[in-house]
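S.K.: With the sequence up front, the predicted model follows.
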Amino acid sequence: MIEVLRQLPTEATQQAVGYPSLFLLVALGSLVPVVPTGVLVSSAAVVAFHQTSPIALLVVFAVASGAAFLGDICLYWLGKRGVRSKNGSKWLEAITSRAAPERLAQARRKLDEQSGTVLVLSRLIPAGRIPVMLACLLARMPLRRFARGDVPACLAWAATYQLIGLLGGSLFPEPWEGVLAAVVLTLLISGAPALWRRLRTRMAD
């Protein structure tokens, strides 16, 4: 009993610091696509898996999906301002530079067919979010319509990376081992499409 009481403040402190940090980092990573947000979510899921409270996993899911949605909406709003502006926008130029022309053209074609499904898949496919978002901007999709499609996309994204974290956490008894496994799994999944494209290009040459 005394040992449990000693551990409670530690867990409470971790939650008080960890959840706001996770929210800010995921929102920042969605707004500025540099932070590896998938790694953050999977690592947080490992830590939550090893905690005594089952609610911790639900909190991680809610925080991650909410932060991703907020970051997406802010980035889309800034992009819409750039589309409407006569002089353009630095934000629009920044996200345009991160989208390959062929991927942008493919995203626009698919967006015309099934916008909701494309938005969900764009969140799950590595490097797929920015081309689809840019296609939505160039198609002048209203913010409300984008937001409706982005809600299930962020939920599916958070659930996917949380499952990766649960897998890593269940394989090892120590949290740090699970975090390391989750990071490796996330990086492998994120880098696999780019590696496959390079292999196809070399084989074609």
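M.R.: Thanks, I have the structure now.
S.K.: from here on, contacts and neighbour counts on C-alpha atoms
M.R.: Will do.
S.K.: which residues of the chain fall in helices?
M.R.: 2-31, 37-49, 55-84, 90-97, 101-113, 115-124, 129-138, 143-171, 175-204 (DSSP state H).
S.K.: Give the rounded mean pLDDT of the fifth one.
M.R.: Right, helix 101-113. Average pLDDT, helix 101-113: 64.
S.K.: low pLDDT regions in the protein?
M.R.: 1-17, 52-53, 83-116, 172-173, 175-178, 187-205 (pLDDT under 70).
S.K.: go with 50
M.R.: For the chain, applying pLDDT under 50 flags the ranges 1-10, 12-13, 16.
S.K.: From residue 120, how far off is residue 79?
M.R.: 19 Å (CA to CA, to the nearest Å).
S.K.: Compare the two (neighbour count), which wins?
M.R.: Neighbour count, other CA atoms under 10 Å: between residue 79 and residue 120, residue 79 has more, with 26 against 21.
S.K.: The more buried one is in contact with residue 139, isn't it?
M.R.: No: the pair residue 79 / residue 139 is not scored as a contact, 11.9 Å apart, by CA atoms under 8 Å.
S.K.: so who does the residue nearest to residue 155 when sequence neighbours are not counted touch?
M.R.: Closest residue to residue 155 apart from its sequence neighbours, by CA to CA, 6 or more residues apart in numbering: residue 65 at 5.4 Å. With contact taken as CA atoms under 8 Å, 6 or more residues apart in numbering, residue 65 is in contact with 154, 155, 157, 158.
S.K.: Now with 6 Å, please.
M.R.: When the contact criterion is CA atoms under 6 Å, 6 or more residues apart in numbering, the partners of residue 65 are 154, 155, 158.
S.K.: same deal with residue 35?
M.R.: Contact analysis of residue 35 by CA under 6 Å, 6+ apart lists residue 29.
S.K.: how close does it sit to residue 22?
M.R.: Taking CA to CA, one finds residue 35 at 11 Å from residue 22.
S.K.: same deal with residue 58?
M.R.: The spacing between residue 58 and residue 22, counted by CA to CA, is 14 Å.
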